[in-house]
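In: Pasting the sequence and the predicted coordinates here, then a few questions.
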Amino acid sequence: MTISKISETKQGRFALFDETGEFLFSVDGETLYKNHIRVDQELSAAQLSQLQSQSDTRRAKDKALEYLSLRDHASGELYEKLCRRFDEQSAAAAVAEMQRLELLDDARFAQHRAKYLAGQNRSVREIRQKLMQAGVGRQEAEDALRQLEPDEAAACRAVLEKKYLRKLREGRRDAVIAALARRGFSYGDIRSAISTYEAGGAGEDRDAPVWD
């Protein structure tokens with residue numbers, strides 16, 4: 001196949017056309033110049049495929065830098081986001097490059113995210129779940145939680161006071177228990193939080209049934 005035309009796009013890339021004038025694909029300037037691509041040059045199907053792959057990898061790296069400029073990412077999270085736009089090989093190469101540049105650090109990411117979530121009074125179970133949803137490995141998640149040592153009992157009390165006191169005053173104890181349990185708090189911490197409130201709470205709650 002012969003490259004008949006190379007034209008710069010509005011996005012600053014370079015569009016390649018075959019001998020019939022049909023658009024093939026666009027490449028970034030670095031890939032174009034590194035491979036010495038020029039008009040009237042003949043390229044095999046394999047060479048074209050390799051050229052496109054190199055350019056896609058370059059684009060994936062640029063997109064990875066863009067994502068990381070907005071906020072920190074875990075490597076797994078970054079890879080998944082890149083796979084929405086690029087093939088798996090390009091996404092993996094971009095992640096590897098970010099790691100080489102020391103722009104990705106899953107352990108550091110896990111520590112910072114765990115601290116942030118603990119500051120929102122999340123339970124350990126929910127923190128672990130959200131870390132892994134963000135692409136953090138189980139080991140990094142567990143290490144971050146060990147270093148943080150969040151006070152789950154205090155977090156449970158804080159959530160109860162902020163979100164569920166009204167329900168508790170209305171006598172909807174079971175609903176409150178279920179809601180806190182869904183947030184990952186243990187039965188023991190939930191019982192302690194409610195008992196603490198009832199022991200020093202408003203008059204309508206002083207005669208509330210005790211826990212079994």
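Out: All right, it came through fine.
In: mind listing what the closest residue to residue 190 other than its chain neighbours touches?
Out: Closest residue to residue 190 apart from its sequence neighbours, by C-beta to C-beta, 6 or more residues apart in numbering: residue 180 at 4.7 Å. For glycine as for every other residue, the C-beta is placed from the backbone atoms N, C-alpha and C. Contact analysis of residue 180 by C-beta atoms under 8 Å, 6 or more residues apart in numbering lists 156, 159, 160, 164, 190, 193.
In: need the contact list for the first one.
Out: By C-beta under 8 Å, 6+ apart, the contact set of residue 156 is 121, 123, 180, 185, 189, 190, 192, 193.
In: Find the centremost residue of this protein, please.
Out: Taking C-alpha atoms, centre = their mean, the centroid of the chain lies closest to residue 134, which sits 3.6 Å from it.
In: correct me, but it touches residue 75?
Out: No: applying C-beta atoms under 8 Å as the test, residue 134 and residue 75 come out as separate, 10.2 Å apart.
In: hang on, the earlier thing: nearest to residue 148, of the contacts of residue 180?
Out: Taking C-beta to C-beta as the measure, residue 148 lies nearest residue 156 of those, at 16.1 Å.
In: so that closest one is in which element?
Out: Using DSSP states H and E, residue 156 sits in helix 152-159.
In: tell me the helices in the chain, going along the chain?
Out: Along the chain, the stretches classed as helices by DSSP state H are 29-34, 45-70, 75-83, 88-100, 106-119, 124-133, 138-148, 152-159, 165-169, 173-182, 187-200, 203-206.
In: Can you check which of the ones you listed gets nearest to residue 10?
Out: Going by C-beta to C-beta, the one of those nearest residue 10 is helix 29-34, 14.0 Å.
In: just checking, what packs against the closest one?
Out: Counting contacts by 3 or more C-beta pairs under 8 Å, 6 or more residues apart in numbering; DSSP states H and E, helix 29-34 packs against helix 45-70.
In: angle of the helix it packs on against helix 75-83?
Out: Orientation check (axes from the mean of the first three to the mean of the last three C-alpha atoms, to 10 degrees): helix 45-70 against helix 75-83 gives 130 degrees.
In: Check the offset of helix 45-70 from the chain's centre.
Out: With C-alpha atoms, centre = their mean, to the nearest Å as the basis, helix 45-70 stands 21 Å off its chain's centre.
In: give me phi/psi at the residue nearest to the centre of the chain?
Out: Residue 134 adopts backbone torsions of phi -80, psi 0, taken as degrees, to the nearest 10.
In: Kindly provide the distance from it to residue 144.
Out: Remark: distance between residue 134 and residue 144 (C-beta to C-beta, to the nearest Å) = 11 Å.
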